[in-house]
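Visitor: Using only what follows, build the 3D model:
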Amino acid sequence: MKQALLIMDMQRGIVDRFSDQAEALTATIAEAVAHARASQIPVLFVRVALRSGTPEVSSNNQAFASIAGSVTMDETGPATQIVEGVGMRESDILVTKRRVSAFTGSDLEVLLRSLAVDGIVLAGLATSGVVLSTTRQAADLDYAITILSDGCADADPEVHRVLIDKVFPRQARVLTTREWIEAGC
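Guide: The predicted structure follows:
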């Protein structure tokens with residue numbers, strides 16, 4: 001199995017909402033990125049960004065309609081830039097999505113196929129957002145999925161716990177970053 005590590009929504013406009021968890025999460029993700037690079041595992045950074053004027057946001061979509069009205073999420077704005085400290089390099093692949101799942105409105109699936117990837121390792125913010133949505137879609141697309149339990153976080157710790165302990169194990173391997181590294185993945 002060939003894996004890719006997906007670092008999802010670790011962008012200024014989202015990380016800033018998790019100030020109490022951001023430093024530890026960033027350090028954990030940087031450790032996963034360093035391991036992936038050393039193991040020749042492709043690393044892809046995924047962000048959510050909208051076009052100027054947000055034409056892709058429907059008023060029927062509660063989450064995105066509120067974002068469009070309150071935060072500038074355009075592709076060049078500071079809120080959509082990957083935070084420093086997670087190990088992104090200028091040469092890395094940056095995937096821009098238009099919805100919650102890393103697959104929706106992006107070219108992620110094309111990139112994974114081109115890289116001959118059949119397994120993905122997920123980390124990022126938030127557990128109940130991009131991690132959940134991407135897991136569900138990836139399972140339907142027949143990817144082998146690993147979720148780094150300490151490489152994601154949620155505003156509600158109980159929601160994070162339920163997803164990590166009860167929901168995700170039905171469709172994914174759930175490991176800490178250390179367990180993933182020690183497993184030689």
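
Visitor: Output the below-cut-off pLDDT ranges for this structure.
Guide: Regions of the chain meeting the criterion pLDDT under 70 cover residues 55, 58, 64-71.

Visitor: any chance you could map the strands in this protein?
Guide: Here the chain has its strands, by DSSP state E, at 3-8, 43-48, 93-97, 119-125, 144-153, 173-175.

Visitor: Could you list every helix and strand in contact with the last one?
Guide: What that stands for is strand 173-175. Secondary-structure packing of strand 173-175 (3 or more C-beta pairs under 8 Å, 6 or more residues apart in numbering; DSSP states H and E): strand 144-153. C-beta: built from backbone N, CA, C; applies to glycine.

Visitor: got it, and the longest one?
Guide: Helices and strands touching strand 144-153, by 3+ C-beta pairs under 8 Å, 6+ apart, are helix 19-38, strand 119-125, helix 132-140, strand 173-175, helix 177-182.

Visitor: will you turn those into JSON lines that also has distance to Val162 and mean neighbour count?
Guide: Formatted as JSON lines, the helices and strands packed on strand 144-153 follow (distance: least, C-beta to C-beta, whole Å; neighbours: other C-beta atoms under 10 Å):
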{"stretch": "helix 19-38", "distance to Val162": "17", "mean neighbour count": "17"}
{"stretch": "strand 119-125", "distance to Val162": "17", "mean neighbour count": "25"}
{"stretch": "helix 132-140", "distance to Val162": "11", "mean neighbour count": "19"}
{"stretch": "strand 173-175", "distance to Val162": "12", "mean neighbour count": "18"}
{"stretch": "helix 177-182", "distance to Val162": "20", "mean neighbour count": "17"}
